[in-house]
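**Q** test case, fold it:
(one chain, ligands or ions: 1)
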Amino acid sequence: MRSSAHSTAAADRPPSAPVVDLPEHPGQTAAARLPAIIDAIAERHRPSDKAFFRHLRALPPAVGRDPKLLGDLYLVYQAAMHATRAAVYFLPHLDSPDLRKRKLQIFIDDDGLPGGDTHHHQLSRAFQAIGAACPIDEQAFDDGTELTRHLDARTGAFVRLAKTLYARSLGPWCVVETMSDDWMHALASALAIHFPGIVNEPYFADCFDQGVEERHAAEAIAVTQAVLERRPDLLAVTVEDATAMADALDGLWDAMDEIVCTAIRQHADTGPSC
Ligand SMILES: [Fe+2]
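**A** The predicted structure follows:
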């Protein structure tokens, strides 16, 4: 796994950083090359391989059901998800009438669920149902200005980076959507060790039943390919930003692992070692 120091440094990389050098692939368009490139980044940064999920699963029951631990995990995870959901509204290059329609569907999937529900509120209810004591008010999930004051350095860096990079290229969106099904399953199965009913919470159940994240991943790649057909020169920055976002995601799982490891140290000496 990458070190947290590396992840933090990557997450704080300025948006003006030089783009990556992509080797030439004669005969393959930028659009055709994108899916394999994003898959390779996602494979290198696969969330379910991270120590956080392993440590969360292995927690002794008394630690795994601690409301403070659950609240601290909720804050970090919701802050990161909130940052990406908010940043999607600023995705670039999607201003044609057809692409605006597809963009709108993405907004609806997050913020226009039946009955006026949203992914944010589904996630909030899922953690409330298991007794999480969220340390901040729901209204503190804002544009990042106030929110980052409540976050550790790595999560704060993720929130700032999502806001910057989602508005610059479509790469961060592609890689986050490509990896989200993996981490949703990893999170649900780890929490289910301590709370078997959590998999029935709509945040997880609706997503898994309807294959929402696989659909989002396919749509993000397809939309970005449509853009690259017209603008192949955008491939390098797309890949650069996707890589930076994947590095920042590593930092997010490291931040959540630190919360779990701190809880282990504060309880009895019986937990897994970190
Ligand atoms: Fe998604």
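
**Q** measure Val260 to Leu70 for me?
**A** 11 Å (CB to CB, to the nearest Å). For the C-beta atoms, the positions are set from N, CA and C on the backbone; glycine is no exception.

**Q** mind listing what the closest residue to the ion within the stretch 101-250 of the chain touches?
**A** Distances between the stretch 101-250 of the chain and the ion by CB to the ion are smallest at His216, namely 3.5 Å. Counting by CB atoms under 8 Å, 6 or more residues apart in numbering, His216 touches Ile106, Asp109, Glu177, Ser180.

**Q** what about Val260 and Leu70, which has more around it?
**A** Ranked by neighbour count (other CB atoms under 10 Å), Val260 and Leu70 place Val260 first, with 27 against 23.

**Q** I'd say the more buried one and Leu56 touch.
**A** Yes - with contact defined as CB atoms under 8 Å, Val260 and Leu56 form a contacting pair (5.6 Å).

**Q** what touches both of the two?
**A** Among the neighbours of Val260, those also in contact with Leu56 (CB under 8 Å, 6+ apart) are Leu73.

**Q** top of the contacts of His216 by number of neighbours, please.
**A** Counting neighbours by other CB under 10 Å, Glu177 leads the contacts of His216 with 24 neighbours.

**Q** thinking again about what came up before, now the contacts of His216 as a markdown table including secondary structure, distance to Asp117 and pLDDT?
**A** Shown next, in a markdown table, are the contacts of His216 (DSSP: H, G, I helix; E, B strand; the rest coil; distance: CB to CB, whole Å; pLDDT from 0 to 100):
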| residue | secondary structure | distance to Asp117 | pLDDT |
| --- | --- | --- | --- |
| Ile106 | helix | 16 | 90 |
| Asp109 | helix | 11 | 89 |
| Glu177 | helix | 20 | 97 |
| Ser180 | helix | 18 | 97 |
